[in-house]
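Visitor: Kindly return the folded structure for what I paste below:
(2 chains)
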2 protein chains.
Amino acid sequence: MRAVTIHGPKDIRVEQVPDAAIRHPTDAVVRVTHSCVCGSDLWAYRGRVPRQPGQRIGHEFVGVVEDVGADVRTLRRGDRVVAPFVWSEGTCAYCVAGLPTSCPSKGFWGDPGADGAQGEAVTAPYADATLVALPADVDEDRMPAVLALSDVMCTGHHGARGAGVGPGSDVAVVGDGAVGLCAVLAARRLGAARIAVFGHHRSRAAVARRFGADIVVLADAGSVAAHALELTEGKGFTSVVEAVGTADAMAAATAVAAPGGRIGFVGVPHGSQDGIDLRAMFDRNLTLAGGITPARTYIPHLLADVLSGALDPAPIFDLTIGLTDAPDGYAAMDERRALKTLIRI
Amino acid sequence: MRAVTIHGPKDIRVEQVPDAAIRHPTDAVVRVTHSCVCGSDLWAYRGRVPRQPGQRIGHEFVGVVEDVGADVRTLRRGDRVVAPFVWSEGTCAYCVAGLPTSCPSKGFWGDPGADGAQGEAVTAPYADATLVALPADVDEDRMPAVLALSDVMCTGHHGARGAGVGPGSDVAVVGDGAVGLCAVLAARRLGAARIAVFGHHRSRAAVARRFGADIVVLADAGSVAAHALELTEGKGFTSVVEAVGTADAMAAATAVAAPGGRIGFVGVPHGSQDGIDLRAMFDRNLTLAGGITPARTYIPHLLADVLSGALDPAPIFDLTIGLTDAPDGYAAMDERRALKTLIRI
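Guide: Sure, this is the predicted structure:
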């Protein structure tokens, strides 16, 4: 079968790889129909995080079950499924508590030795626990929105939850990438009274507004705080989502949070530690909560709204390509010609 | 009147200062009967945080109202009161929300131009909002415990709350100073199933156990994590209180927190920012919450238990002196001959 591999910085290839196959009785083989490129894949693409030459890549997918191991109970051949970006075995204390990202048996698609999601098929460990089956009659048009549940929509939701967003919240989202935009959707869904997005990209402002942002501020990191304080009469926002992972973004998030406020951090940390201002957090009693999203826990909660169309993250995909064009799909995101690339397989 | 002043590192004096007096109609004058020395006072004593030469010092007191301004409604001469370490005006959005430490009119006893708590009397701004009256029949023996509500007991309580302590929690307290010990008391009161204290001082282990600690580990900072993981079969503690403020303490707190756990941070940050491991927080979905305790909000909640004896932080005071001996009281704490010095005035 064919799959995307990474051989070094900016060296993405589509190659023949060993076929996905049942190796353990709890495995399923899933034929991938939709995958996509994540902002976190770009860190590898840019050489900022290491990968083994030829390592598989991609961790978001929707597909059709092709085969199941002898111990798989809830899935059968032909089922459509969406996968969270972390697999987990489902019965440990963390899985039961809703934190499958801390399951001792967890793993990531694309880990060395594991199938990546950007390929024709995937061997899915702990299939019953990992995969979420979709109703048989899901409209094909909904699949991009369902795919977003693999990671980015659940990550935005986790950011909004970490920020304590609820009915009436005054929300700032720092970052207008796909995660930030999904945080806007999540905050709107959770009942926020007002949502302000602080970003850099004029082209994304329209998506932010479509997703429910009331205010979109295009500003360099250094001026975010001044804008935010002006918007809140000096008070700051009660809920802030840090959706980038850089020092600048975390510093901005801390600066714009109101006393007693919460920062939901879901940007994968790439320097964001340096942006924390613990003294400001101490003086203002700020809470920092978030981390890697437990997507498997959130998918069942969000899926109904996605299927009904009430929650529609699909507009984050502004480029759709075939598997062969994966190198171009990465380049487009790297060069900011695309917000998020969907790979239709 | 006489009061304690600080003129430089290790230069504590007892001097004549202007009498406390009503300056605004919302002021009260309180004759101080009990004050004490805080670990945070030691930062000034050691020259680590600047003070103006001759500045007043001390921010914890219990006393008797001597005079009230024309607009004071709830207090009268002769009332016994306990003061939180921050005054606040009581009607702003933050005061109403229970976060008087963010009141725009807030101030600290000992701020330049304000009376310190270590002295014969204090002018208390916004007396109705700031001071908490005690029942007329409070036993004199309870006064040290009541005094602890000014700061340290409420700080320990805030740490336990930030750490999410509730019935059944498995709690680690990093630090065996007065704040850490009060966090033990607070965690026990909130229903913790198990409390482990990580400290340095053999002499404090007995107090920790008396306060409800099940386990006291005397260990250098570098080995706290190993001890903690052994105690929890590798899992870590669900609730961790960081009660020191140093990088080592924060690093230990992060290291011993279980996935999905919470760190309550109440050590005044003196380098603790450097101990945060945001990547570990991200991977394990840790929450960091805490800050300066809103003592004025907590005092009414904790006072009944203090008055009944159900909550008794008094044993943190292991040295009682008169006002004249304040320099010795500071030296005793600085040299770790005393855990916390009570000044009986």
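Visitor: who touches the closest residue to chain B within the stretch 101-250 of chain A in this structure?
Guide: When scored by C-beta to the nearest C-beta, the stretch 101-250 of chain A has residue A:102 as its residue closest to chain B, at 3.5 Å. For the C-beta atoms, the positions are set from N, CA and C on the backbone; glycine is no exception. Going by C-beta atoms under 8 Å, 6 or more residues apart in numbering or on different chains, residue A:102 touches A:94, B:259, B:260, B:284, B:285.
Visitor: ok, now with 10 Å
Guide: Residue A:102 makes contacts with A:86, A:88, A:92-95, A:291-292, A:294, B:235, B:258-260, B:283-285, as judged by C-beta atoms under 10 Å, 6 or more residues apart in numbering or on different chains.
Visitor: Repeat that for residue A:321.
Guide: Here residue A:321 is in contact with A:36-37, A:327-330, A:332, A:338, A:341-345 (C-beta under 10 Å, 6+ apart).
Visitor: Could I get these in a markdown table, plus columns for distance to residue A:143?
Guide: A markdown table is the format used below for the contacts of residue A:321 (distance: C-beta to C-beta, whole Å):
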| residue | distance to residue A:143 |
| --- | --- |
| A:36 | 11 |
| A:37 | 16 |
| A:327 | 23 |
| A:328 | 21 |
| A:329 | 17 |
| A:330 | 21 |
| A:332 | 20 |
| A:338 | 18 |
| A:341 | 15 |
| A:342 | 9 |
| A:343 | 12 |
| A:344 | 9 |
| A:345 | 11 |
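Visitor: Among those residues, which ones are in helices?
Guide: If you go by DSSP state H, these have A:327, A:328, A:329, A:330, A:332 in helices.
Visitor: Quick one, grab the pLDDT at the last one.
Guide: Here the pLDDT value assigned to residue A:332 is 98.
Visitor: hang on, it packs against residue A:339?
Guide: Yes. Residue A:332 is within contact range of residue A:339, at 9.4 Å (criterion: C-beta atoms under 10 Å).
Visitor: shared neighbours, these two?
Guide: Common contacts of residue A:332 and residue A:339 (C-beta under 10 Å, 6+ apart): A:318, A:319.
Visitor: Okay, helices next: where are they in the stretch 1-150 of chain A?
Guide: Ranges of helices in the stretch 1-150 of chain A, per DSSP state H, counting those that start in this stretch, are A:39-45, A:93-96, A:127-130, A:143-147.
Visitor: Next: the stretch 201-345 of chain A.
Guide: Using DSSP H, counting those that start in this stretch, helices in the stretch 201-345 of chain A cover A:202-210, A:224-231, A:247-256, A:278-284, A:295-308, A:326-334.
Visitor: hey, least reliable of those by pLDDT?
Guide: Here the helices of the stretch 201-345 of chain A differ in mean pLDDT, and the lowest is helix A:224-231 at a mean of 91.
Visitor: Who are the packing partners of that helix?
Guide: strand A:170-174, strand A:194-199, strand A:215-218, strand A:237-242, helix A:247-256, strand A:257-265 (3 or more C-beta pairs under 10 Å, 6 or more residues apart in numbering or on different chains; DSSP states H and E).
Visitor: Show me which residues of the stretch 201-345 of chain A sit near chain B.
Guide: A:234-235, A:245, A:250, A:258-260, A:262-263, A:265-294 (C-beta under 10 Å from any C-beta of the partner chain).
Visitor: Neighbours of residue A:5, how many?
Guide: In terms of burial, residue A:5 registers 25 neighbours under the definition other C-beta atoms under 10 Å in any protein chain shown.
Visitor: Would you mind measuring from it to chain B?
Guide: Distance, residue A:5 to chain B, using C-beta to the nearest C-beta, to the nearest Å: 25 Å.
Visitor: give me every residue that touches that residue.
Guide: Residue A:5 neighbours (C-beta under 10 Å, 6+ apart): A:11-17, A:51-58, A:110, A:116, A:118-119, A:326.
Visitor: So what sits opposite it in the bridge?
Guide: Beta-bridge partners for residue A:5, by DSSP bridges, are residue A:13, residue A:56.
Visitor: Model confidence for it, exactly?
Guide: Looking at residue A:5, the pLDDT reads 98.
Visitor: So it versus residue A:21, what's the distance?
Guide: Plainly put, residue A:5 is 18 Å away from residue A:21 if you go by C-beta to C-beta, to the nearest Å.
Visitor: Just send the helices and strands packed on helix A:224-231 back as TSV, with mean neighbour count and distance to residue B:299 too.
Guide: Output for these, formatted as TSV (neighbours: other C-beta atoms under 10 Å in any protein chain shown; distance: least, C-beta to C-beta, whole Å):
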stretch	mean neighbour count	distance to residue B:299
strand A:170-174	31	29
strand A:194-199	26	34
strand A:215-218	17	39
strand A:237-242	31	25
helix A:247-256	24	29
strand A:257-265	26	18
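Visitor: Figure out which of those is closest to residue B:148.
Guide: Proximity to residue B:148 (C-beta to C-beta) singles out strand A:257-265 among the helices and strands packed on helix A:224-231, at 24.3 Å.
Visitor: what about that closest one, average pLDDT?
Guide: Strand A:257-265 comes out at a mean pLDDT of 98.
Visitor: Then stretch A:155-164?
Guide: For stretch A:155-164, mean pLDDT rounds to 98.
Visitor: do the same with stretch A:35-55
Guide: On average, stretch A:35-55 scores 95.
Visitor: Can you convert the helices and strands packed on helix A:224-231 into CSV and add a column each for distance to residue B:32?
Guide: Below are the helices and strands packed on helix A:224-231 laid out as CSV (distance: least, C-beta to C-beta, whole Å):
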stretch, distance to residue B:32
strand A:170-174, 41
strand A:194-199, 46
strand A:215-218, 50
strand A:237-242, 38
helix A:247-256, 37
strand A:257-265, 29
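Visitor: out of these, nearest to residue B:240?
Guide: With C-beta to C-beta, the closest approach to residue B:240 among the helices and strands packed on helix A:224-231 belongs to strand A:257-265: 18.1 Å.
Visitor: before we move on, the earlier item: could you pick out the buried ones from the residues of the stretch 201-345 of chain A next to chain B?
Guide: A:235, A:245, A:250, A:258-260, A:262-263, A:265-270, A:272-273, A:275-278, A:281-294 (16 or more other C-beta atoms under 10 Å in any protein chain shown).
Visitor: Let me see the domain layout of chain A.
Guide: A:2-151+A:294-344, A:156-290 (automatic domain parsing).
Visitor: most neighbours per residue, which of these?
Guide: Mean neighbours per residue, mean count of other C-beta atoms under 10 Å in any protein chain shown, is largest over the domains of chain A for domain A:156-290, with a mean of 23.
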